[in-house]
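*Asks:* Everything below, folded, please.
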Amino acid sequence: MEAIYLDHAATTPVHEEVIEAMIPVYREVFGNPSSIHQHGRKARQILDEARRNIASVLGANEKEIIFTSGGTEADNLAIFGVTENTGKSHIITTSIEHHAVLHTMQELEKQGWEVTYVDPEPDGAVDPEKIEAALREDTVLVSVMMVNNETGVKQPVERIADILEDHTAYFHSDAVQALGIEDIDVKTMNVDLMAFSGHKISGPKGIGFLYATEGIPLKSRTFGGEQERKRRAGTENVQAVKGLEKAVQLLKDNKQERVEEYSKYKTLFLETLNDQEVPYQVNGMNAVASIVNLSFSDMNVETMLTNFDLEKVSASSGSACTAGSVEPSHVLSAMFPEEPERMTNSIRFSFGAANDEANVKEAAMRVAAIYTRLNK
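*Replies:* A predicted model of the protein is given here:
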């Protein structure tokens, strides 16, 4: 029986061209990018080229790209970086953010910051007017993700940016689930800080980057050398940066075709469940092509995921950072406070490079068979 992977929102298989791009760097480029001799300069050249190429895809300046260990560090650097030494004041975020943001906010609350958490509407998106209503003169930062990692619902980032145009607050967005799926131009979107991760886009794990608009006062959270223009100390992961560069370039080359393909997979998956008369509810509206979150009535998420795994279908109960946990989803809890059953019977399916129409349909058939068996 073929193992079928439907958890691309958790992580993605590394693209073969990414691997091929990294191998020569592992074999031939071992110098420290901070060294001034030829070995160091060779490594520095790879970093500089990658920074330029990644920046060009986002409409950014190369000086605005900061390499990190992943999306979590990028979120942490953005949030702590612009709030440190500004005095204890006010921040706005949403109750459906990734834990990389929520746990950072909770840490700031311990330090005396006041944080307003805006709940989403039942469709899974936050209302920009509620963000506007929460704004105060002492609001230092607004943080709203671009695409929710559990439901795939797109958040109104550009509308929120318009609201903040005449306010002094910085605007940060976790765009980890959006890169390669949604159009991103940081200048036209008017976002100050945006976090990205390599392993969500068929790149290597342990690498990501933060876009920080030039001139923003960003305090480093790591102390050591003067790497990344003194904003992120530590010797850069040159091999992973090369892989990240290649992954970003591949996204740019065939974005429209890829999105259309993932949309077909989602439609096929749902149509197959319908044909097999499996009752479900979609959690959230206006989601990206690659993610669908389904609530199965009278089911238990732990039981379903265990049976999925036995039938070699990989899916998730929500964010990868809580994989293995049966705690209720904080995202679904915020979306459906009057429907607690949705928090314990919902599964996220996410499509990507490991899929084709045949295995998506087969996965749906297995899910249907499992549901029918468990429902008896």
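*Asks:* how far away is the spatially closest residue to S290 that is not a sequence neighbour from L77?
*Replies:* Excluding the flanking residues, the one nearest S290 by C-beta to C-beta, 6 or more residues apart in numbering is Y262, at 4.5 Å. Quick note: C-beta positions are derived from backbone N, CA and C, even for glycine. Shown here: Y262 relative to L77, a distance of 30 Å by C-beta to C-beta, to the nearest Å.
*Asks:* OK, contacts around the residue nearest to S290?
*Replies:* I181, A289, S290, F351, G352 (C-beta atoms under 8 Å, 6 or more residues apart in numbering).
*Asks:* Figure out the helix or strand that it lives in.
*Replies:* Assigned by DSSP states H and E, Y262 falls within helix 255-275.
*Asks:* got it, and T303?
*Replies:* helix 301-310.
*Asks:* Also R366?
*Replies:* Counting by DSSP H and E, R366 is part of helix 357-375.
*Asks:* try N53
*Replies:* helix 38-58.
*Asks:* next structured bit after that helix?
*Replies:* Counting by DSSP H and E, the element after helix 38-58 in chain order, helix or strand, is strand 65-68.
*Asks:* Show me what that following strand is in contact with.
*Replies:* With C-beta under 8 Å, 6+ apart as the test, strand 65-68 has contacts from 47, 51, 54-55, 74, 77, 207-212, 228-229, 231-232, 236-237, 241, 244.
*Asks:* and that strand, what's its mean pLDDT?
*Replies:* The average pLDDT for strand 65-68 rounds to 98.
*Asks:* send the alpha carbons of that strand over as CSV?
*Replies:* Taking Å, rounded to 0.1, in the frame of the first residue of the first chain, the C-alpha atoms of strand 65-68 are listed here in CSV:
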residue,chain,number,x,y,z
ILE,A,65,16.5,40.3,4.1
ILE,A,66,17.7,38.7,7.4
PHE,A,67,18.5,35.0,7.3
THR,A,68,17.3,33.1,10.4
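*Asks:* Excluding covalently adjacent residues, which one is nearest to the residue nearest the centre of the chain?
*Replies:* Among the residues of the chain, the one closest to the centroid is V176, at 2.5 Å (C-alpha atoms, centre = their mean). Counting by C-beta to C-beta, 6+ apart, V176 lies nearest to G71, which is 4.2 Å off, once chain neighbours are set aside.
*Asks:* residue contacts, the one you found?
*Replies:* G71 neighbours (C-beta under 8 Å, 6+ apart): H98, A100, D174, V176, A195, F196, S197, K200, G208.
*Asks:* now do 6 Å
*Replies:* Contacts for G71 (C-beta atoms under 6 Å, 6 or more residues apart in numbering) come out as V176, A195, S197, G208.
*Asks:* one step back: type out the PyMOL command that picks the buried ones from the contacts of Y262.
*Replies:* PyMOL command restricting those to the buried ones, with burial defined by 16 or more other C-beta atoms under 10 Å:
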select buried, resi 181+289+290+351+352
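*Asks:* got the CA coordinates for the host helix or strand of V292 in PDB?
*Replies:* Taking DSSP H and E as the definition, V292 sits inside strand 291-295. Only the C-alpha atoms of strand 291-295 are listed here, as PDB (Å, rounded to 0.1, in the frame of the first residue of the first chain):
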ATOM      1  CA  ILE A 291      -5.100  23.600   2.600                       C
ATOM      2  CA  VAL A 292      -8.600  22.400   3.600                       C
ATOM      3  CA  ASN A 293      -9.700  21.800   7.200                       C
ATOM      4  CA  LEU A 294     -12.600  19.400   7.700                       C
ATOM      5  CA  SER A 295     -14.900  18.700  10.600                       C
END
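*Asks:* Domain boundaries for the protein, per the record?
*Replies:* The record's domain parsing of the chain by automatic domain parsing lists 4-12+254-375, 16-253.
*Asks:* Around F30, count how many other residues there are.
*Replies:* 13 (other C-beta atoms under 10 Å).
*Asks:* Spatially nearest residue to it, not counting backbone neighbours?
*Replies:* H39 (6.9 Å).
*Asks:* Would you map the strands across the stretch 51-200 of the chain?
*Replies:* Here the stretch 51-200 of the chain has its strands, by DSSP state E, counting those that start in this stretch, at 65-68, 90-94, 114-118, 139-143, 170-174, 193-197.
*Asks:* in its sheet, what does the second one sit against?
*Replies:* To tie it back to what came earlier, the one meant is strand 90-94. Paired strands of strand 90-94, with direction, are strand 114-118 (parallel), strand 139-143 (parallel) (DSSP bridges).
*Asks:* quick one: buried residues of stretch 34-48?
*Replies:* In stretch 34-48, counting by 16+ other C-beta under 10 Å, buried: G40, K42, A43, R44, I46, L47.
*Asks:* Residues contacting that stretch, please?
*Replies:* V29, G31, N32, P33, E236, V238, V241, K242.
*Asks:* Pull the most distant pair out of those residues.
*Replies:* Farthest apart among those by C-beta to C-beta are N32 and K242. That separation is 15.3 Å.
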